[in-house]
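In: Sequence and predicted model, in that order:
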Amino acid sequence: MTKAISVSGLRKAFGRTHALDGLDLDVETGEVHGFLGPNGAGKSTTLRVLLGLLRADGGAARLMGRDPWHDAVSLHRRIAYVPGDVTLWRNLSGGEVIDLYGRLRGGLDTARRDSLLERFELDPTKKGRTYSKGNRQKVALVAAFASDVDLLILDEPTSGLDPLMEEVFQDCVEEERDRGRTVLLSSHVLSEVEALCDRVSIIRNGRTVESGSLADLRHLTRTSVAAELAGAPDGLSGLPGVHDLDVQGHRVRLQVDTDKLDAVLRSLSASGVRSLTSTPPTLEELFLRHYQDGGHAAQGAASTAAAASASGKATLR
Amino acid sequence: MTAVTLPATARTGGSRDLAGTGTLLRLALRRDRLMIPAWVVVLGLTVVSMGSTLEKLYDTAAKRAEVAASMTGNGSLRALYGPVFSDSLGGLTAWRIGGIAALLAGVMSLLIVVRHTREEEETGRQELLSAAMVGRRAPLTAALLAALVADAALALLITAGLAASGHPAAGALALGLAVGGTGLVFAGVAAITAQLTESARAAKGLAGAVLGAAFVLRAAGDTATEDASSPLTWASPAGWAENLRAFAGERWWVLLLFLAATAGTVTAAYALTARRDLGMSFLPARPGPARAPASLSGPTGLAWRLQRTTLFGWSAGFLLAGAVFGGITDGASDLVGDNEQTREIFERMGGHQGLTDAFVAALTGMLGMVAALYAAGAVLRLRGEETGDRAEPVLAGAVGRLRWAAGHLAIAFLGTALILLLGGLGLGLTYGLTVGDIGGRLGPAVGAALAQTPAVWALTGLAVLLVGALPKAAAATWAVVGGCLGIGWVGPAAQLPQWAMNLSPFSHLPKLPGGEATAAPFLWLLALTAVFVAAGLTALRRRDIG
């Protein structure tokens, strides 16, 4: 089966700024793919190259097996796009814009359009200027979800939505997945990525730094372990993959590379475990590690992430 | 959010209402650091240089007296320029350029005021500013002060320039104040329209309509009387500008009219500001249909939807202007034709045979140059869609670049022909009516107006080329069109060398009616247009969007 999106070594410069510097991205047909990276990493530039709005300086990009620049028009019949900052024509009503966008793509399912309007609680008779940011985004989302397309490209689509609407959005993405459509979702909302995405790609400075399923990525990070032991711990510092070891009497706190967890647990139970908490790596931790410069930032990231997970903000399903 | 506010709360703390005005003014002047000086310098120097141009043309007192008498004696010319109050060089300068300069100062001022009030609100930038230490009245105050700075600089430049080139200082000051004062009045008008409409475009349009009405009132009043004493003239700020009588026994008290009108409009604008919320307006947008009509099914339908209101406005304006011009054309033949140089000016401006033909040729030439402004605006909509991030989602649909551009370009090219046709129709009909020969006058007038089309199209093509190949410089289209307007407007009187005149496509058109029409210049201009458009569209297909 052809991949929905296949990008390798993509390069794009604006003057002296290298927005994309050898970016790779693979999205399988039918999956929801998270596209993550700090601000200015090149996410929107990538999406605009994929839409044929920008011409890449180098590298290869294929959408559903075809060239996004040369075959733009025929490809766009099968693509719905939601920009991060939706701007509407001030004298067109939301309903008119939804219909227009649908007609510019493969067509619009009017029954679905009406049900989406209801679910998103959007009044289609208001004019462009009078919509709030969230409502402008809803206009673009309704048009995208009601369009008859194979691939949805969503650029931070929920940045203006309230939590209730965020839930409607997630339901809609799930439905798209169930219908066999492919979704490329650029987002900063980590809970959304966790809930929706089969796989994610993380980019920084125009390059892909990590790509894979969440389980794969999680495996590369550290788990926090805190234990109260019956006796003094022994040999923990000598184990591979152990970091930030803090022993106070019989209490132990440490970080361990997740794939080295087994040895640590063995060593702990050898001293007799009274209580044990093990905090799995959170997505925040994962991202912060990649967002920040270099590997040394991982420590700070881990502690921030620990705080975040303590508040129950990002737990894994 | 509602449009209703409590006046009581809005009026509290007078000084706090103005907090941040200084900062906002500096921001406005910083943003307009090119626009305001360009307006002031070009407009100011045009006025000052007119003095020396006229000095060359009418070098003896006898010639000046003759031209003054013939110009004032002719109702049609009074409609265009107003009466001549003094046959001194200064008096002729004030007559020839004062009225136009005053109206252009009005255009400058209304653009400045709307740009820093309604446009800031419409784009949402004002929200961020008003959330800081910025009083409720500060944005409007800063915008008005920016306009005041521009108008004062213009008045100063005209006064100093004319006085320095030997004109009486009092007259120079009066002309400077007449121009600057008219500017201020329209700053006040724009301050009101900016409260009324939700979009900056509509606010500018509304203020521009008031400006047009002021011109028409003055023209009608001046046609009726030889000394600008008609109530119609007195009802128009443009009429006050001429009634200040620079270089002709200045009536300083007329300045009070400018002051009163400015104070009145500004007070009304402040009162309106206090009664509305940020971003709201008194003419709010009505709800629209929930479903798109069948006509809105693609980029062309969208372009039509976006541009049709503008096209309707221009169509009505051209029809009306043509009708007004046609109504005064017959009077032009009364013009005393003894002054060879006056005739020469007219012939250089317009035609060969007969002063009436020359007059119609000059008027249709004016329509052509103004139509170029419409065409430039229509093409630049493409760029506006692009920079406003509205092109992106359309091009992300199954729409090629060419199809996206085609609708806007069709409207620009065909719209140009349409408004010229209507201008010619209006002119031919009223001219025919006044002389009782519609059949004989309509055809040549329409032909003369339509003959302008290829020249406008060449400039339209240039705009397409810029949008396609040099999108960041697309706004330079305005400079090119403005340059052609300048060449056409003051070129003949200023006796520009032929190579300079040739820079404007309008200079290559045959003078119609009356002149001899050959196909060659039309074909050259059409070929040039085709090359520009082809090159522009090729570049548009290859470049990045955004």
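Out: Alright, I've got the coordinates.
In: got any ranges where the stretch 1-150 of chain A has weak pLDDT?
Out: A:1 (pLDDT under 70).
In: For it, which segments count as helices?
Out: A:43-50, A:72-76, A:94-104, A:110-119, A:133-146 (DSSP state H, counting those that start in this stretch).
In: Look up how far chain A lies from the closest residue to residue B:160 other than its chain neighbours.
Out: Excluding its sequence neighbours, the residue lying closest to residue B:160 (C-beta to C-beta, 6 or more residues apart in numbering or on different chains) is residue B:172, at 7.7 Å. Every residue, glycine included, has its C-beta placed from N, CA and C. From residue B:172 across to chain A, the span is 45 Å (C-beta to the nearest C-beta, to the nearest Å).
In: Is residue B:172 in contact with residue B:166, as I believe?
Out: No - taking C-beta atoms under 8 Å as the definition, residue B:172 is not a contact partner of residue B:166, at 9.8 Å.
In: Between the two, point out the one with more neighbours.
Out: residue B:172 (28 against 12; other C-beta atoms under 10 Å in any protein chain shown).
In: can you tell me the helix or strand for that one?
Out: Using DSSP states H and E, residue B:172 sits within helix B:169-196.
In: okay, the helices of the stretch 1-150 of chain A in a markdown table with mean neighbour count and distance to chain B next?
Out: Output for the helices of the stretch 1-150 of chain A, formatted as a markdown table (neighbours: other C-beta atoms under 10 Å in any protein chain shown; distance: least, C-beta to the nearest C-beta, whole Å):
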| stretch | mean neighbour count | distance to chain B |
| --- | --- | --- |
| helix A:43-50 | 25 | 7 |
| helix A:72-76 | 20 | 4 |
| helix A:94-104 | 25 | 3 |
| helix A:110-119 | 15 | 8 |
| helix A:133-146 | 24 | 7 |
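In: and of these, who's closest to residue B:405?
Out: helix A:72-76 (13.6 Å; C-beta to C-beta).
In: which residues are contacting that closest one?
Out: Outside helix A:72-76, the residues that touch it by C-beta atoms under 8 Å, 6 or more residues apart in numbering or on different chains are A:51-52, A:63-64, A:66, A:68, A:104-105, B:395-400.
In: Filter those down to the buried ones, ChimeraX style.
Out: Burial among these is assessed by 16 or more other C-beta atoms under 10 Å in any protein chain shown; the matching ChimeraX selection reads:
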select /A:51,52,63,64,68,104,105 /B:395,396,397,398,399,400
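In: what residues does the stretch 201-350 of chain B put near chain A?
Out: Within the stretch 201-350 of chain B, the positions near chain A by C-beta under 8 Å from any C-beta of the partner chain are B:285-293, B:296-299, B:301-302, B:305-306, B:309.
In: Repeat the analysis, applying 10 Å as the threshold.
Out: Taking C-beta under 10 Å from any C-beta of the partner chain, the part of the stretch 201-350 of chain B that reaches chain A is made up of B:201-202, B:279-281, B:284-294, B:296-299, B:301-302, B:305-306, B:309.
In: what does the stretch 351-500 of chain B give?
Out: Counting by C-beta under 10 Å from any C-beta, the stretch 351-500 of chain B sits next to chain A at B:385-386, B:388-404.
In: at 8 Å instead, please
Out: Proximity of the stretch 351-500 of chain B to chain A, by C-beta under 8 Å from any C-beta, involves residues B:388-390, B:392-400.
In: in chain A, which spans are strands?
Out: All strands of chain A, identified by DSSP state E, fall at A:5-14, A:17-27, A:32-36, A:58-63, A:79-82, A:151-155, A:182-186, A:199-204, A:207-213, A:222-229, A:242-248, A:251-257, A:273-279.
In: wait, which of those is closest to chain B?
Out: Closest to chain B of the strands of chain A, according to C-beta to the nearest C-beta: strand A:79-82, at 3.9 Å.
In: That closest one pairs with which strands, and in what direction?
Out: strand A:151-155 (parallel) (DSSP bridges).
In: Pull the contacting residues for residue B:188.
Out: Going by C-beta under 8 Å, 6+ apart, the list of residues near residue B:188 reads B:144, B:261-266, B:269.
In: Now do residue 267, the pLDDT please.
Out: Since no chain was named, I'll use chain A. Residue A:267 is assigned a predicted lDDT (pLDDT) of 88.
In: wait, chain B
Out: Residue B:267 is given a pLDDT of 96.
In: now what about stretch A:96-115, what contacts it?
Out: Under C-beta under 8 Å, 6+ apart, the answer for stretch A:96-115 is A:76-80, A:88-89, A:92, A:124, A:128, A:139-140, A:142-149, B:288-289, B:291-293, B:296-299, B:301-302, B:393-394, B:397-399.
In: go on, stretch A:79-86?
Out: By C-beta under 8 Å, 6+ apart, stretch A:79-86 touches A:44, A:47, A:51, A:63, A:101, A:105, A:133, A:136-137, A:139-141, A:143-145, A:147, A:149-157, A:159, A:186, B:389, B:392-393, B:396.
In: what's the answer for stretch A:31-46, then?
Out: A:4-5, A:7, A:10, A:12, A:19-21, A:23, A:25, A:27, A:47, A:54, A:84, A:155, A:173, A:176-177, A:182-188, A:193, A:196-206, A:287, A:291.
In: do that again at 6 Å, thanks
Out: A:12, A:19-20, A:27, A:155, A:177, A:183-186, A:193, A:196-204, A:206, A:291 (C-beta atoms under 6 Å, 6 or more residues apart in numbering or on different chains).
In: still on that earlier bit, can you pull the buried residues of the helix holding residue B:172?
Out: In helix B:169-196, counting by 16+ other C-beta under 10 Å, buried: B:170-196.
In: Repeat that for stretch B:104-121.
Out: Buried residues in stretch B:104-121 (16+ other C-beta under 10 Å): B:104-121.
In: cool, and stretch A:262-277?
Out: Those would be A:263-264, A:267-268, A:271, for stretch A:262-277 by 16+ other C-beta under 10 Å.
In: Now tell me what touches that stretch from outside.
Out: With C-beta under 6 Å, 6+ apart, stretch A:262-277 has contacts from A:226-231, A:233, A:235-236, A:239, A:256.
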